Each structure stands twice: as structure tokens, then as C-alpha cells.
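Engineer: Got a predicted structure plus its sequence, pasted below:
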Amino acid sequence: MKAFAYLFILAVIIIILSATFQWDNPITRLLSSIKYSDKMAHLILIGTLAYCINYLMNFRVIKRFNQNILLGTLLVTFIITLEEFSQNWISTRNFDLVDLLANYIGIAIASLVIIKTKPNIIKGYRTK
């Protein structure tokens, strides 16, 4: 699983670079022909990324606002928000609030999966 997580992170980085530098590839062409595929790709890719980052961080939680929060979830949310807003200043990209919403939904689903499958972690047993 660890190798998959690292490879998936690398794949997401390549996908972001591909979009930024407009590299032509068959996957992008296929997805562009399917309605709403971009939004579904955001949801699935970023949700899976959030799960992988949390996995690699051993599902570490921090206590904020009297709640245990997955550290990997916070990290991915912060980075993805910066990445999406940075598109305002990249001529080859377009900021899209719906893309950001799809990212957040993917992150939320990944977090819910972790909470439901690993409830002892969220209760604070692994805070280090």
C-alpha cells in the first residue's frame, strides 16, 4: 500500500503539471469528451490523494477546536486550495470554484471513510 500511495502522489503531480503545461495525452482527450468527467476526476483524484497522504502519515490527528482532525486532510485541503487559486495567475489554467468544491467533496469522502473504518484513530489514540 505504501508504494501505491507514493506512486499515486507522483501521478497527481504529473496530472497537475500536464494541465499546467498543456501536455497532450490520451487520457485528457478521453476525459474531455465525457460530460462532467473533469469534476468527477477532481473528486476521485483528490479524495484518493487525501486518503494516501493520511495513510502515509499513519492517520495522525491533531486536536483543534476541541476536535481531533486528520493532519493529512488539513495538509491536502491547504495545498489543493492554494493550487486551485494559483490558477488565477497561470495563463494556461482557469480557476473554477466547482473544481474546488469537487476537491473538497473528495477530501470529505476520504475523511469519512477513514473515520468509519478506523474510529479508534479519530478518537485520539494516535495523536503522535
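Structural biologist: Yep, it's here.
Engineer: Could you list every helix and strand that the helix or strand of the chain with the lowest mean pLDDT packs against?
Structural biologist: The weakest-scoring helix or strand in the chain, judged by mean pLDDT, DSSP states H and E, is helix 26-32 (a mean of 72). Counting contacts by 3 or more C-beta pairs under 8 Å, 6 or more residues apart in numbering; DSSP states H and E, helix 26-32 is packed against helix 37-56. C-betas here are computed from N, CA, C, even on glycine.
Engineer: what packs against whichever helix or strand comes after the helix it packs on?
Structural biologist: Following helix 37-56 in sequence order, the next helix or strand is strand 61-64 (DSSP states H and E). In terms of contacts (3+ C-beta pairs under 8 Å, 6+ apart), strand 61-64 is packed against strand 67-70, helix 71-86.
Engineer: weakest of the ones you listed by average pLDDT?
Structural biologist: Looking at these, the lowest mean pLDDT belongs to strand 67-70 (a mean of 87).
Engineer: May I have the strands that pair with that strand, each with its orientation?
Structural biologist: strand 61-64 (antiparallel) (DSSP bridges).
Engineer: what residues are up against Val12?
Structural biologist: Leu45, Ile46, Leu49 (C-beta atoms under 8 Å, 6 or more residues apart in numbering).
Engineer: gap between it and Ile114?
Structural biologist: Separation of Val12 from Ile114 (C-beta to C-beta, to the nearest Å): 18 Å.
Engineer: returning to what we had before: with respect to Asp99, which of the contacts of Val12 is nearest?
Structural biologist: Comparing the contacts of Val12 against Asp99 with C-beta to C-beta places Ile46 closest, at 9.4 Å.
Engineer: So for stretch 68-75, what gets flagged as buried?
Structural biologist: By neighbour count on 16 or more other C-beta atoms under 10 Å, the buried set for stretch 68-75 is Asn68, Leu70, Leu71, Gly72, Thr73, Leu74.
Engineer: quick one, phi psi at Asn25?
Structural biologist: Phi and psi for Asn25, reported as degrees, to the nearest 10, are phi -150, psi 160.
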